[in-house]
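Colleague: structure for this input, please:
(chains A and B)
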Protein chains: 2
Amino acid sequence: MTSMDSQEAVFEAYVKYQSEKLKQLKADSRVSEFQLRHADMELEQAKKRLKGGSASDSALVSNSVILKVPKGTRDFGPAQMRLRSEVLDKITDVFKRHGATQLDTPVFELKDILTGKYGDDSKLIYDLKDQGGEILSLRYDLTVPFARYVAMNKISSIKRYQIAKVYRRDNPAIGRGRYREFYQCDFDIAGQYDSMIPDAECVKLLDEILSCLDVGPYVIKLNHRKILDGIFEVAEIAPDSFRGVSSTIDKLDKSTWEEVAEELRSLRKLNKEQIATIAQFVRISGPLPKVLNILMTNSKFMSSSLGREGIDSMIPLIQFVQIMGVEERRTVFDLSLARGLDYYTGIIYEAVVTSQGDSLGVGIGSVAGGGRYDELVGMFDANQRQVPCVGVSIGVERIFSILELKQNDSKKAGHVQVYVTSAQKGMAEQRLRLVEMLWKAGIKAEVSYKPNPKLLQQLQYCEENNIPLAIVIGEDEVQRKVVKLRNVKERKEDEVSESEMVAELKKRLDMPLDVNSEVKRNDDQNCNLE
Amino acid sequence: MTSMDSQEAVFEAYVKYQSEKLKQLKADSRVSEFQLRHADMELEQAKKRLKGGSASDSALVSNSVILKVPKGTRDFGPAQMRLRSEVLDKITDVFKRHGATQLDTPVFELKDILTGKYGDDSKLIYDLKDQGGEILSLRYDLTVPFARYVAMNKISSIKRYQIAKVYRRDNPAIGRGRYREFYQCDFDIAGQYDSMIPDAECVKLLDEILSCLDVGPYVIKLNHRKILDGIFEVAEIAPDSFRGVSSTIDKLDKSTWEEVAEELRSLRKLNKEQIATIAQFVRISGPLPKVLNILMTNSKFMSSSLGREGIDSMIPLIQFVQIMGVEERRTVFDLSLARGLDYYTGIIYEAVVTSQGDSLGVGIGSVAGGGRYDELVGMFDANQRQVPCVGVSIGVERIFSILELKQNDSKKAGHVQVYVTSAQKGMAEQRLRLVEMLWKAGIKAEVSYKPNPKLLQQLQYCEENNIPLAIVIGEDEVQRKVVKLRNVKERKEDEVSESEMVAELKKRLDMPLDVNSEVKRNDDQNCNLE
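Modeller: Next comes the predicted model:
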């Protein structure tokens, strides 16, 4: 069966089958041209396959195309979307509370805009096919498009947030929440302020978001590019090797020190002494004031001017973060934190959800990161006008993974409040008339689409979908201009007049009764459902 | 200057300039590797250009890259985003009121999924570059991904909405709201119901959305594929020419009848008699019952079995739409409405914002459309299991264009409620301490990022950004544990104690005072800002 010959036989039979089908379809006058074209296309594909063409073999699985989403991506069904919008709403609330305005940029950028911004990771950028016209790539993050926006519009200060999907042709690790298409929630402050207040606000905001999302214990690791550079300076490493050594050190969260030391020797060509100096510093991690103190009392480190500059920034940062109410247990000064991206120039941070004995089976890891990047906007400006920036990016996919596992209620998503049912046949018009009254009043309501649905089935639908209230009508009720109002859970019914139906429902649903809450439906006014 | 030689001279000078710059940068120890790499890249690009390479000439405009968004796309700044989210929120409210749940799908699909679904328009699909792995395309609409989702998950009934961007390599016409990247807001009902209720609900929903969005007068044009097919049958047109003739007739909204008739003759090869028969019908348009009556009393039309099937669907539809409260002036039965996409099988509709003397200068046109497509899901199913669907898609870009022109308040977006200011130097810590109290209480608050901002500048910021309230402190206030609460507009100040500050602000901001509204910030509880 798996030999080439027998596979060919299968293909041949398939082509024959498709030709027959097409003939039959063509003979049938009821068949639309659309169906014909589709059958034709299938035949062509089958022929191609027979000739050893490029169509994938597994296309045979279905009679048309492979049914799947692209590698590393996924659909979000109703239940997932409910969780997702709850999380994104909470994050948006925090962004707005800190006075950020919203920005949206295209999903793709000119390829040149992205070139040279991501170091080694550039190979993960998705390019669009050259179909004539501009050469485009899907955005890799929201930071570079933001910097492009600031430079292009000659903005000197802005505090913005953006929530959107970004794209990386990485190896997906679905279980650990690593996808090729994923949301980022970014908050950035651009502007020249000569203070560490914006940097501190980003840390504070990250703390607020993580504490309100209920992801479990977390910690925000902090470091400063100049402190890292200071360490390298002390170790007498050549400046043009700084970033390479950095990215090796960044692996310390996944690798042992021995592995990292080996890479520093073999790949980065450092000598024993240099590695020993690095070892002395990068394994230091602890509460902010404590680590700061270690550095400041180390005369070797303090001999580096770069290192001293880093210290000068960290002192006010630590003070501000504390005033802003970030608890000490929530931050760690981690001298091994380097972060891969090229564009950071000052403070860097990364939030990590810490293990709780890993009882959820989730691969816990970094859920957010960011830092200061003072040179990125200038790279886009014709006059190299610099606009210093600092920002934070929440990678919510891991947060979703954690919360999805915690979410054990299998309730169907949707928030329908009332279902309009009938106990007899031929009542479709009456059901529609009543449901329209509910929509008009701003009540979330549904009605069966069947012409003559059974009452039992309608009530079952309410139970399965957690719809709390039902309107039940029969011919008798219609004649007397009343409805039965049924509490689905308690299976109790009360009769109310049609004219009082909306008011009674609103009362039970705890909705405001005033006239203004009714949906306005004329051309001169906005509808107002607030 | 424009001759090839002088251009080459400019390129040569530019390469020289870039080499010099790179040398200088390399000599400067303060320069990061990132900057060096970027300068290096610029030099390479300049060299390429000199050799007549592919780099665009206009790249010379800036010292780095061309600063623009891709053709046919745009950024949305804060003011636009505010309008945008207001509109999308209103649409979402209507979707939810009709009981729809939310779905999200990836921005790209396997190319095979999209192939053969869009007729002539397939050439407008954006393909991704083949970087090894799957062959992908950006989604062209939300309908095909929805059908793929229903088939893939073997769903038999669902009512879902999706709001997302779609991509078409069309000729952009920015003034008329036609972009290459644009939002669609889709609502679809999938399931076998044997009634026209879902179809009627889509028309009703479209009416609700347009009436509440304040876009001005509008009308929903309706037609039925089978009524069109009936006309073609009566005109003795061969079934395999139906869709071609359809798309010519669809041009009647932009072209004169004479132009359309000419295309029917030359391109579609119809004879005089056939064109006369079509002319007799497709120029009919008017109130639903009236047009229905014209058709039903036309014995020629009623001799077509396809036509009669169309009538059988339209009768209950008209009745249901009326019961659901759609005003008669809002619908038009337009026999020329054909819609380009291949997949429609039943009722089709299109909403048009009608001219108001066109005083806004907006090219008015179609803002929404949809219809029934009963065969699309089956095309994805291995057993050709059919799931009938009907849906509506709101193309909000034109709606945004209309509303943006109406929006004449230039207020800065953002809803900051309180700004914490100081009247003296050295008060940064105190300002941060107070702003943290406000954030904690769920109040949207900002503070200047400068270490020592001037009071006048801080109050100006409040005025420019419509921040209604300011907290003003000096050393005296801090010592006495009070703050000045300033009404920015009225320029009035009152003194309140620090401990009463939050309560007083909430009172003035009309926010709920109860304890539960405070942001909860611990690991065991969600934050609750509702």
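
Colleague: name the nearest residue to the residue most central in space within chain A, sequence neighbours excluded.
Modeller: Residue closest to the average C-alpha location in chain A (Cα atoms, centre = their mean): residue A:183, at 2.2 Å. Nearest residue to residue A:183, sequence neighbours excluded (Cβ to Cβ, 6 or more residues apart in numbering or on different chains): residue A:396, at 5.0 Å. All C-beta spots, glycine's among them, are computed from the backbone N, C-alpha and C.

Colleague: for the one you found, what are its contacts?
Modeller: Residue A:396 is in contact with A:87-88, A:91, A:182-185, A:367, counting by Cβ atoms under 8 Å, 6 or more residues apart in numbering or on different chains.

Colleague: now stretch A:230-241: buried residues?
Modeller: Using 16 or more other Cβ atoms under 10 Å in any protein chain shown as the test for burial, stretch A:230-241 gives A:230-235, A:237, A:239.

Colleague: please apply the same query to stretch A:182-199.
Modeller: So stretch A:182-199, judged by 16+ other Cβ under 10 Å, has buried residues A:182-191, A:193, A:195-199.

Colleague: how about the residues of the stretch 201-350 of chain A by chain B?
Modeller: Taking Cβ under 8 Å from any Cβ of the partner chain as the contact definition, the stretch 201-350 of chain A meets chain B at A:201, A:204, A:208, A:211-214, A:216-217, A:239-240, A:242-243, A:319-320, A:323-325, A:342-343, A:345.

Colleague: and the buried ones among those, selectable in ChimeraX?
Modeller: The ChimeraX command for the buried members of these (criterion: 16+ other Cβ under 10 Å) is given here:
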select /A:201,204,208,211,212,213,214,216,239,242,243,319,320,323,324,325,342,343,345
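
Colleague: which ones among the residues of the stretch 201-350 of chain A next to chain B are found in helices?
Modeller: Within these, residues falling in helices by DSSP state H are A:201, A:204, A:208, A:211-213, A:242-243, A:319-320, A:323.

Colleague: just put those residues in JSON lines and tack on pLDDT.
Modeller: Supplementary listing: these in JSON lines, determined by pLDDT from 0 to 100:
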{"residue": "A:201", "pLDDT": "95"}
{"residue": "A:204", "pLDDT": "95"}
{"residue": "A:208", "pLDDT": "95"}
{"residue": "A:211", "pLDDT": "91"}
{"residue": "A:212", "pLDDT": "90"}
{"residue": "A:213", "pLDDT": "90"}
{"residue": "A:242", "pLDDT": "88"}
{"residue": "A:243", "pLDDT": "84"}
{"residue": "A:319", "pLDDT": "91"}
{"residue": "A:320", "pLDDT": "92"}
{"residue": "A:323", "pLDDT": "91"}
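
Colleague: of those, which is the nearest to chain B?
Modeller: residue A:212 (3.0 Å; Cβ to the nearest Cβ).

Colleague: distance check, that closest one against residue B:311.
Modeller: Relative to residue B:311, residue A:212 is positioned 58 Å away (Cβ to Cβ, to the nearest Å).

Colleague: show me where the stretch 301-450 of chain A has its strands.
Modeller: Applying DSSP state E, counting those that start in this stretch to the stretch 301-450 of chain A gives strands spanning A:331-334, A:347-353, A:366-372, A:389-394, A:418-422, A:445-447.

Colleague: can you put those strands in JSON lines and add mean pLDDT and mean neighbour count?
Modeller: Putting these into JSON lines (pLDDT from 0 to 100; neighbours: other Cβ atoms under 10 Å in any protein chain shown) gives the following:
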{"stretch": "strand A:331-334", "mean pLDDT": "95", "mean neighbour count": "22"}
{"stretch": "strand A:347-353", "mean pLDDT": "93", "mean neighbour count": "23"}
{"stretch": "strand A:366-372", "mean pLDDT": "93", "mean neighbour count": "23"}
{"stretch": "strand A:389-394", "mean pLDDT": "96", "mean neighbour count": "26"}
{"stretch": "strand A:418-422", "mean pLDDT": "95", "mean neighbour count": "26"}
{"stretch": "strand A:445-447", "mean pLDDT": "92", "mean neighbour count": "25"}
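
Colleague: what would these look like in TSV with distance to residue B:404?
Modeller: Formatted as TSV, those follow (distance: least, Cβ to Cβ, whole Å):
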stretch	distance to residue B:404
strand A:331-334	44
strand A:347-353	38
strand A:366-372	32
strand A:389-394	28
strand A:418-422	37
strand A:445-447	33
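
Colleague: closest to residue B:72 out of those strands?
Modeller: Closest approach to residue B:72 among the strands of the stretch 301-450 of chain A is made by strand A:389-394 (27.5 Å; Cβ to Cβ).

Colleague: briefly note if that closest one comes near chain B.
Modeller: No. Strand A:389-394 stays clear of chain B (Cβ under 8 Å from any Cβ), getting no nearer than 9.8 Å.

Colleague: check the offset of that strand from the chain's centre.
Modeller: 15 Å (Cα atoms, centre = their mean, to the nearest Å).

Colleague: likewise for stretch A:296-312?
Modeller: 39 Å.

Colleague: hmm, back to that, ok, so of the buried residues of stretch A:230-241, who is nearest residue A:456?
Modeller: Among these, residue A:231 lies closest to residue A:456 (Cβ to Cβ), at 73.4 Å.

Colleague: so the closest one: helix, strand or coil?
Modeller: Three-state call for residue A:231 (DSSP: H, G, I helix; E, B strand; the rest coil): helix.

Colleague: skipping its backbone neighbours, what lies nearest it in space?
Modeller: Nearest non-adjacent residue to residue A:231, counting by Cβ to Cβ, 6+ apart: residue A:281, 4.6 Å away.

Colleague: summarise which helices and strands the helix or strand that neighbour falls within is packed against.
Modeller: Assigned by DSSP states H and E, residue A:281 belongs to helix A:272-282. Judged by 3 or more Cβ pairs under 8 Å, 6 or more residues apart in numbering or on different chains; DSSP states H and E, helix A:272-282 is in contact with helix A:225-234, helix A:242-249, helix A:257-266.

Colleague: now with 6 Å?
Modeller: Judged by 3 or more Cβ pairs under 6 Å, 6 or more residues apart in numbering or on different chains; DSSP states H and E, helix A:272-282 has no packing partners among the helices and strands.

Colleague: just the helices from the stretch 101-250 of chain A, written as ranges.
Modeller: For the stretch 101-250 of chain A, the helices defined by DSSP state H, counting those that start in this stretch occupy A:111-114, A:143-152, A:197-213, A:225-234, A:242-249.
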